[in-house]
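K.L.:
can't give you the sequence, but here's the structure:
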């Protein structure tokens, strides 16, 4: 997975990108909250909110193909989740709730996609910290972001190694078997990496307290300190 | 020929290891009866085949292994002394201040979103002021020629850059000893030379593990040969690594640089 799979547009410079991070975060949360509070019977309002989010994405220069690819990952999951309720009632009830889960899920996903594409991760984490989110939560999110890509790369390498030794077309059953083995191996490797990361943190004096570096460094500061150091 | 240091040499040594034994849980012994001293300012390479116990030994120097304090074989005493302090749990914060550890895989060490934040991690944990942290971050990144990468994402670095950022993260803690676990692995010659240039500027003790024996001849003042958890040789690289029968016995080869001399 490329390092910018989810936030490919985060470092662009559109009108949306130039808005203060706090405002972007508040707008996103407001849209999600409105979507959750407004009953699904008022579906035109949901459509209006979705249109607003879509307009925001267009303003931010996010391409339609990018959206379609990400939605193609998300929509099947939310569809299965929302359909599980009416299906559990034999299709006789629960359709309104299913529609509500689907609409609200899609709206929240689109809004979050807009947010991560108009704000860089470090800006987002910095804003969360400023808004009083506990430092340990911010640090955990930062680690999650960093290591998500490493886990994905690990998965890619394992798949590649598997393909290199696959001589023929595996059956569906074999694919499932290999898939579960892969997930198991990923879990074990993630655990051993977690141990090594913890070791690396301890080696640099980690004692369980999260500290924050509060100095935005400008080119001028870099130059001044370099001159002083000779 | 493991060193058999006296009490006097033990006290002046930056690192003193005495009859160290260690085994991972449920596994065969990883280190057996290992003893040596490292004097201040020495550059010591630990070489040996894969699985010899090199990384395990190096990790002990920073108190990183999850097991209890490493013990001597002949007595129930701590086996390792760093700058006069034994490796016991209470001393670990001080020892980690003294010994900076560079991991083999830079991705284990780069866990912050930006280069600057990652280098700042150590000084912040040391309790430095914000101004001091900024100063150390810039100075360390300048020392590894990456001052312009301060705001870059840690995801966007090449392997050579990642290794140098990791080194900057260690240097920012101002250690007196650098413990480097295979610092030259996965590096092309240019990246390796860049890293070597950065290390040459370091004014302290260095202990490193490596398979690159030409670098050992070029850069180190002493070499230890470790195989199967035991120390088999200790001396100047030009002498030890030129011994072809010793090299062969321990799964190593006389480095190209010394072959051409022979």
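P.N.:
That came through fine. It should be emphasised that the depicted structure is a prediction, and the values quoted were computed from it without experimental measurement.
K.L.:
Could you tell me which residues make contact with residue A:212?
P.N.:
Residues in contact with residue A:212 (CB atoms under 8 Å, 6 or more residues apart in numbering or on different chains) are A:129, A:135, B:124. Yep, even glycine has a C-beta here, placed from its N, CA and C like the rest.
K.L.:
So it versus residue A:7, what's the distance?
P.N.:
22 Å (CB to CB, to the nearest Å).
K.L.:
again, but for residue A:175
P.N.:
Residue A:175 sits at a distance of 31 Å from residue A:7 (criterion: CB to CB).
K.L.:
same question, residue B:22
P.N.:
44 Å.
K.L.:
List the buried residues of the helix or strand where residue A:189 lies.
P.N.:
Taking DSSP states H and E as the criterion, the element that holds residue A:189 is helix A:172-203. Using 16 or more other CB atoms under 10 Å in any protein chain shown as the test for burial, helix A:172-203 gives A:193, A:196, A:197, A:199, A:200, A:201, A:202, A:203.
K.L.:
now swap in stretch B:48-68 and tell me
P.N.:
Buried, per 16+ other CB under 10 Å, within stretch B:48-68: B:48, B:52-64.
K.L.:
now, which of the residues you listed lie close to chain A?
P.N.:
Counting by CB under 8 Å from any CB of the partner chain, B:59, B:62, B:64 from the buried residues of stretch B:48-68 sit close to chain A.
K.L.:
Could you verify my assumption that the last one touches residue A:206?
P.N.:
No: at 11.7 Å, residue B:64 does not count as touching residue A:206 under the criterion of CB atoms under 8 Å.
K.L.:
Can you give me the buried ones in the host helix or strand of residue A:22?
P.N.:
Using DSSP H and E, residue A:22 sits in helix A:21-37. Using 16+ other CB under 10 Å as the test for burial, helix A:21-37 gives A:21, A:24, A:25, A:27, A:28, A:31, A:32, A:34, A:35.
K.L.:
confidence score at the fourth one?
P.N.:
pLDDT, the model's per-residue confidence, is 94 for residue A:27.
K.L.:
and what of the second one?
P.N.:
In this prediction, residue A:24 carries a pLDDT score of 93.
K.L.:
you'd agree it is up against residue A:117?
P.N.:
No: contact criterion CB under 8 Å: residue A:24 and residue A:117 do not qualify, at 10.4 Å.
K.L.:
Mutual contacts of those two, please.
P.N.:
By CB under 8 Å, 6+ apart, no residue touches both residue A:24 and residue A:117.
K.L.:
Does residue B:208 fall in a helix, a strand, or a coil region?
P.N.:
Assigned by DSSP: H, G, I helix; E, B strand; the rest coil, the conformation of residue B:208 is strand.
K.L.:
give the contact list for the most centrally placed residue in chain B.
P.N.:
Centroid-nearest residue in chain B, with CA atoms, centre = their mean: residue B:179, separated by 2.0 Å. Taking CB under 8 Å, 6+ apart, we find residue B:179 in contact with B:58, B:61, B:62, B:99, B:100, B:101, B:102, B:207, B:208.
K.L.:
phi, psi of it?
P.N.:
phi -110, psi 110 (degrees, to the nearest 10).
K.L.:
Take the buried residues of stretch B:48-68 and keep only those in helices.
P.N.:
Among those, the members falling in helices (DSSP state H) are B:54, B:55, B:56, B:57, B:58, B:59, B:60.
K.L.:
does the last one really touch residue B:15, like I thought?
P.N.:
No: taking CB under 8 Å as the definition, residue B:60 is not a contact partner of residue B:15, at 9.9 Å.
K.L.:
Quick check, the residue in the stretch 151-262 of chain B closest to chain A?
P.N.:
Nearest to chain A in the stretch 151-262 of chain B, going by CB to the nearest CB, is residue B:155, at a distance of 3.9 Å.
K.L.:
now the strands for chain B?
P.N.:
B:13-23, B:29-39, B:43-47, B:80-82, B:85-86, B:99-102, B:177-181, B:205-209, B:222-227, B:230-235 (DSSP state E).
K.L.:
before we move on, back to that, columns distance to residue A:88 on top of the buried residues of helix A:172-203, output as a markdown table?
P.N.:
Output for those, formatted as a markdown table (distance: CB to CB, whole Å):
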| residue | distance to residue A:88 |
| --- | --- |
| A:193 | 39 |
| A:196 | 44 |
| A:197 | 41 |
| A:199 | 47 |
| A:200 | 47 |
| A:201 | 45 |
| A:202 | 48 |
| A:203 | 51 |
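K.L.:
which among these are in contact with chain B?
P.N.:
Within the buried residues of helix A:172-203, those near chain B by CB under 8 Å from any CB are A:193, A:196, A:197, A:199, A:200, A:201, A:202, A:203.
K.L.:
Make JSON lines out of these and add distance to residue B:150 and pLDDT.
P.N.:
Below are these laid out as JSON lines (distance: CB to CB, whole Å; pLDDT from 0 to 100):
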{"residue": "A:193", "distance to residue B:150": "26", "pLDDT": "85"}
{"residue": "A:196", "distance to residue B:150": "25", "pLDDT": "87"}
{"residue": "A:197", "distance to residue B:150": "22", "pLDDT": "87"}
{"residue": "A:199", "distance to residue B:150": "25", "pLDDT": "88"}
{"residue": "A:200", "distance to residue B:150": "20", "pLDDT": "89"}
{"residue": "A:201", "distance to residue B:150": "21", "pLDDT": "88"}
{"residue": "A:202", "distance to residue B:150": "25", "pLDDT": "88"}
{"residue": "A:203", "distance to residue B:150": "22", "pLDDT": "89"}
